[in-house]
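Colleague: Please work out how this folds:
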Amino acid sequence: MASIAFSKLTKLQDESLVDNVYKEIKNNVLSHVLKGGEKLSIKQIAREMGISLTPVRDAVNKLAHDGLLTTVPGSGTYVTSLTPQDVNELFECRNILELAAIESAVPRMTETAMQELRRNLEQMLVEGKRFLDTLTITDNHESQAIQTPYFELDDRFHETIVMQACNRQLLKLYNSVNLSMHVVRAVYWDHMRHVNQRMESTFTEHQRILDAIEAGNIDAAKAAVRRHLEQGKLVALSHMLKSDEVTAG
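Modeller: Numbering: from 1, shown residues only. Take a look at the predicted model:
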């Protein structure tokens, strides 16, 4: 594993240590600093952070439970590599969960939630333009993309709708699937040539979803979500096929 310059965390309590190691490794995975298939060295991470092995092992176990890392008995721990089949299955899960959420959320949609969705779209437009205006293609461009507030707003748009379904288990399942979706995003945003086009399409697709919800039209909202996810899947698969991280199978 190449040196990632993990932050030193020596003054934190044990529980805080685990949480912070978890966040540090997770951020490196989601920002594509640690790439799919890369082997992790628990000893190296502990040494760079100036802490013992135990909190690093605990954090790695949590990340493996989340699906971001994969532990191979007798071999070690690796950043999870996604195949096209994984991507298809993840989008299928999101489709099932978000369509179920729409069914329940539209009749329950509050004015407060509607205002949040409208503000979200306005902010996405601003942040998308700001990102494109400041983007410079460098060795670190994938990190720049993943960390931009634009993608936080993208996530929040969908999560707000799911929350309105008022189903805690549905929200829990959605958040679990969405965490793996961040890995998909890290891979395909590594190819930046079509970022402008996809950002514009995403904004338009979100607007159609919002319009249908605002009209109280469940069928139209579900159709708009279905189209949005299908487009996202096609973009992800297209870029994955250009990536060296696609594994056989």
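Colleague: Give the closest residue to the most centrally placed residue in the chain in space, chain neighbours not counted.
Modeller: Among the residues of the chain, the one closest to the centroid is His182, at 2.1 Å (Cα atoms, centre = their mean). In space, His182 comes closest to Leu30 once its chain neighbours are excluded; the distance is 4.8 Å by Cβ to Cβ, 6 or more residues apart in numbering. C-beta: built from backbone N, CA, C; applies to glycine.
Colleague: Output the one helix or strand the residue nearest to the centre of the chain maps to in PDB with nothing but the alpha carbons.
Modeller: For His182, the enclosing helix or strand under DSSP states H and E is helix 168-188. What follows is the C-alpha trace of helix 168-188 in PDB, where atoms were taken according to Å, rounded to 0.1, in the frame of the first residue of the first chain:
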ATOM      1  CA  ARG A 168     -36.800   3.800   9.300                       C
ATOM      2  CA  GLN A 169     -35.900   0.400   7.900                       C
ATOM      3  CA  LEU A 170     -36.300   1.600   4.300                       C
ATOM      4  CA  LEU A 171     -34.000   4.500   5.100                       C
ATOM      5  CA  LYS A 172     -31.500   2.200   6.700                       C
ATOM      6  CA  LEU A 173     -31.400   0.000   3.600                       C
ATOM      7  CA  TYR A 174     -31.200   3.000   1.300                       C
ATOM      8  CA  ASN A 175     -28.200   4.500   3.200                       C
ATOM      9  CA  SER A 176     -26.400   1.100   3.100                       C
ATOM     10  CA  VAL A 177     -26.900   0.800  -0.700                       C
ATOM     11  CA  ASN A 178     -26.000   4.400  -1.200                       C
ATOM     12  CA  LEU A 179     -22.700   4.000   0.600                       C
ATOM     13  CA  SER A 180     -21.600   1.400  -2.000                       C
ATOM     14  CA  MET A 181     -22.900   3.800  -4.700                       C
ATOM     15  CA  HIS A 182     -20.200   6.300  -3.600                       C
ATOM     16  CA  VAL A 183     -17.600   3.700  -4.600                       C
ATOM     17  CA  VAL A 184     -19.300   3.500  -8.000                       C
ATOM     18  CA  ARG A 185     -19.100   7.300  -8.300                       C
ATOM     19  CA  ALA A 186     -15.400   7.400  -7.300                       C
ATOM     20  CA  VAL A 187     -14.700   5.000 -10.200                       C
ATOM     21  CA  TYR A 188     -16.600   6.700 -13.000                       C
END
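Colleague: Buried residues, the helix or strand that comes right after that helix. List them.
Modeller: Counting by DSSP H and E, the element after helix 168-188 in chain order, helix or strand, is helix 195-214. Within helix 195-214, the residues scored as buried using 16 or more other Cβ atoms under 10 Å are Val195, Arg198, Met199, Thr202, Glu205, His206, Arg208, Ile209, Leu210, Ala212, Ile213.
Colleague: Now do the fifth one against Leu170, distance only.
Modeller: If I follow you right, that is Glu205. Applying Cβ to Cβ, to the nearest Å, the value for Glu205 to Leu170 is 22 Å.
Colleague: residues in contact with the helix holding His182?
Modeller: For helix 168-188, contacts defined as Cβ atoms under 8 Å, 6 or more residues apart in numbering pick out 29-32, 36, 66-68, 80, 82, 86-87, 90, 93-94, 97-98, 100-101, 104, 142, 146, 151, 155, 158-159, 162-163, 165, 235-236, 238-240, 243, 245.
Colleague: Export the buried residues of helix 195-214 to CSV and append columns for distance to Pro73.
Modeller: Output for the buried residues of helix 195-214, formatted as CSV (distance: Cβ to Cβ, whole Å):
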residue, distance to Pro73
Val195, 39
Arg198, 39
Met199, 42
Thr202, 40
Glu205, 42
His206, 43
Arg208, 47
Ile209, 44
Leu210, 47
Ala212, 48
Ile213, 47
